[in-house]
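Participant: quick one, what's the 3D model for this:
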Amino acid sequence: MIKLVVFDLDNVIIDGEAIDEIGKLANVEDDIAAITEKAMQGEIDFETSIKDRVQLLEGTSIEDVEKVAEDLPLMPGACKTIKCLKDKGVDVAIISGSFDVVADKVSDKLGVDTVYTNSFTVEDGKLTGEVTGPLVSGSKLDVLKDHVEEAGITLDEVVAVGDGANDISMIESAGCGIAFNAKESVKEIADVVVEEKDLCKVLCEICNQLTTDDAEEETVEEEVEAQEAESDAETEEEVQEVEAEEEAADEEAEEAEEAEEETEEAEEAAEEEAPEEKPEFVLADTMEGVRKQKDEKEAEIAKVAEEREEFNKTAREQRKIRDELNASLKENLNKAIEYRNERNEINKEVEAAKKARNEANNKIKSLEWNSGKRNKVKIENEIKKIDKIIETRVLDIKKENQLVKNANDLRKQLMEIHEDESVKAEADELRKKSEEEHEKVIELSEKAQAAHEEMLKYFRKTDDIRTAADEAHKNFVEARRNASAKHEEFKAILSDIHVINKKLGSNKPKRRKSDNKGSSGGNKNREERQRAQEIFDKFKQGGKVSTEEILLLQKYNIG
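Facilitator: You can find the predicted model right below:
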């Protein structure tokens, strides 16, 4: 569960590098920008870079710096992102190697309460060229660790957003690290990469994390009742997560179907579209060369069609695997819920047995108090204590006689106490009942624990299945993308073939019309033309077309 989002300042919360803008006041912006870039790329350590850059600002008016800080633009989406996170109850902090003179103005605008930055040293209203603060020599991770410890949370509950090399330590250690318009070294270690300069894109990723967080497995406690509350909460999260994933899978399947339909429509229109495009294909100088080009293109288009079909076949197989895994995921989740419900029912029995046991114990105490047994036990203990003193200590005769007298008086009181036999019998019955109920508590707790462990086992299985389903879906999407690419190749080659056919057709000798319309040759032509039309209809439906069938389409100029 996300409890804290930490942002870098420069190029993340504000759209720019503050120290570069401040550098313009001293006409050293180019020198500062060069050092900044080296630090962002990780070529020099941050401590060296910040000290070298601030040194260049010596003598700059702090009043002018404050004016620059006031005018620095916020990153698009910054206000909406911070407000939305706070509305959702997520804490927001800024950890930056930049300066408090900038961060304070930004935090006031956005309502960010927690800011960790460095500070310029100022004398007589001018920068001295020195810098102080927790992020001069310390890392952002050090600051973040101190903050989460004080807040009573863990790094797993943190999202860290940054763009430069000095952000890597916190991005790498946080539960979710987001690289925002970042350097390559940052992208390589981040969990999420956002390329657009819009913090609303970051907000979307964080909201996805908030709504689809994987349900963490519970730590099995010695007492079953301590597990119950945590387990139920995690189970509900798991249910919601899988339902959300099933919805997403359904949507993806629909999108895939739509993509497939679009591909088929594109194939259907390919014959009509290709001739309309301006051909880039260059014909050979001789008819023999053109015919050779035609043979080559026909072989090429057959190969591309076969490759496209292989990708489509892979896509169908991976989609089937994904759908089967998602169905299995649902079955395992239902099984986990069955064990959860079983555990909860057993825990109700445990609570009932505990209640009966405690009631029996309370009645026993009440009976013993009323029957005088407690007084009897107290007097017996007091007599034993006096006897021990007499036996183990050397006493003067007067004191010893007094202790003996006290013991005898207590024995007289003891003889006067008569425990009610009926009360004693009732107490024995209650004691027996208490022991029986306690045995039930132990036995039922063990059963509840077994059901709880089965529930966890099935939840772990859902994690494995989900991983496999995600991989199958990834393969499905990749295969569909490759098939689409091959289809584009197919259309391009088909366009070339049209150019070739036009060239060859214009050089064919005109045939004389046959007077014998009922000849066997005419019948054969009609049959071939009909077959060519059927092939074209199959092609429009997305079917595979062989080289021989393409030639037949070309012969009758169909499509």
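
Participant: after the helix or strand residue 415 falls within, which helix or strand is next? Please name it.
Facilitator: In this assignment (DSSP states H and E), residue 415 forms part of helix 397-416. Using DSSP H and E, the helix or strand that follows helix 397-416 in sequence is helix 421-506.

Participant: so where's the stretch 251-400 of the chain uncertain?
Facilitator: Residue ranges of the stretch 251-400 of the chain with pLDDT under 70: 251-280, 368-374.

Participant: helices of that one, start to end?
Facilitator: Assigned by DSSP state H, counting those that start in this stretch, the stretch 251-400 of the chain shows helices spanning 287-371, 373-392, 397-416.

Participant: deepest of the ones you listed, which one?
Facilitator: Mean neighbours per residue, mean count of other CB atoms under 10 Å, is largest over the helices of the stretch 251-400 of the chain for helix 287-371, with a mean of 17. C-betas here are computed from N, CA, C, even on glycine.

Participant: what's the angle from it to helix 421-506?
Facilitator: Orientation check (axes from the mean of the first three to the mean of the last three CA atoms, to 10 degrees): helix 287-371 against helix 421-506 gives 170 degrees.

Participant: report the distance from helix 287-371 to the chain centre.
Facilitator: Put simply, helix 287-371 sits 17 Å off its chain's centre (CA atoms, centre = their mean, to the nearest Å).

Participant: let me have the helices of the stretch 251-400 of the chain in CSV, extended by distance to residue 88.
Facilitator: CSV is the format used below for the helices of the stretch 251-400 of the chain (distance: least, CB to CB, whole Å):
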stretch, distance to residue 88
helix 287-371, 26
helix 373-392, 58
helix 397-416, 70
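
Participant: among the ones you listed, which is nearest residue 482?
Facilitator: Smallest distance to residue 482 across those (CB to CB): 4.4 Å, for helix 287-371.

Participant: ok, back up a step: and the helix holding residue 415, what does it pack onto?
Facilitator: Other helices and strands packing on helix 397-416, by 3 or more CB pairs under 8 Å, 6 or more residues apart in numbering; DSSP states H and E, are helix 373-392.

Participant: tell me what the helix it packs on is packed against?
Facilitator: For helix 373-392, the elements it packs on are helix 397-416, judged by 3+ CB pairs under 8 Å, 6+ apart.

Participant: give me the residues contacting the helix it packs on.
Facilitator: By CB atoms under 8 Å, 6 or more residues apart in numbering, the list of residues contacting helix 397-416 from outside reads 376, 379, 380, 382, 383, 386, 387, 389, 390, 395.

Participant: of those, which pair is most distant in space?
Facilitator: 376 and 395 (27.4 Å).

Participant: name the residue closest to the centre of this structure, please.
Facilitator: Centroid-nearest residue in the chain, with CA atoms, centre = their mean: residue 209, separated by 5.0 Å.

Participant: find me the pLDDT at that residue, would you?
Facilitator: As predicted, residue 209 sits at a pLDDT of 74.

Participant: quick check, it in contact with residue 178.
Facilitator: No: assessed by CB atoms under 8 Å, residue 209 is found out of contact with residue 178, at 9.6 Å.

Participant: what touches both of the two?
Facilitator: Joint contacts of residue 209 and residue 178 (CB under 8 Å, 6+ apart) are residue 159.

Participant: which one of the contacts of helix 397-416 sits closest to residue 434?
Facilitator: residue 376 (21.3 Å).

Participant: quick check: the gap between the closest one and residue 404.
Facilitator: Distance, residue 376 to residue 404, by CB to CB, to the nearest Å: 21 Å.

Participant: list the contacts for the closest residue in space to residue 490 that isn't next to it in sequence?
Facilitator: Counting by CB to CB, 6 or more residues apart in numbering, residue 490 lies nearest to residue 304, which is 5.0 Å off, once chain neighbours are set aside. Residue 304 makes contact with 486, 489, 490, 493 under the criterion CB under 8 Å, 6+ apart.

Participant: what number of residues lie near the third one?
Facilitator: Here the neighbour count serves as a burial measure; for residue 490 (other CB atoms under 10 Å) it reads 21.

Participant: that one reaches residue 309, doesn't it?
Facilitator: No: proximity of residue 490 to residue 309 does not meet the contact threshold set by CB under 8 Å, at 10.4 Å.

Participant: looks to me like residue 138 is in a helix.
Facilitator: No: judged by DSSP: H, G, I helix; E, B strand; the rest coil, residue 138 forms no part of a helix; its state is coil.

Participant: count the residues that sit near it.
Facilitator: Quick note: residue 138 (other CB under 10 Å) scores 15 neighbours.

Participant: repeat for residue 120
Facilitator: 21.

Participant: so where's the chain uncertain?
Facilitator: Using pLDDT under 70, the flagged stretches of the chain are 211-280, 368-374, 416-422, 506-525, 540, 542, 544, 556-557, 559.

Participant: again, 50 this time
Facilitator: In the predicted model of the chain, residues 214-235, 239, 242, 246, 249, 253, 262-263, 265-278, 507-520 satisfy pLDDT under 50.

Participant: how about the nearest residue to residue 142, chain neighbours excluded?
Facilitator: Nearest to residue 142 is residue 134, by CB to CB, 6+ apart, at 7.6 Å.

Participant: gap between that neighbour and residue 56?
Facilitator: From residue 134 across to residue 56, the span is 22 Å (CB to CB).

Participant: of those two, which one has the most company?
Facilitator: Higher neighbour count among residue 134 and residue 56: residue 56, with 20 against 17, using other CB under 10 Å.
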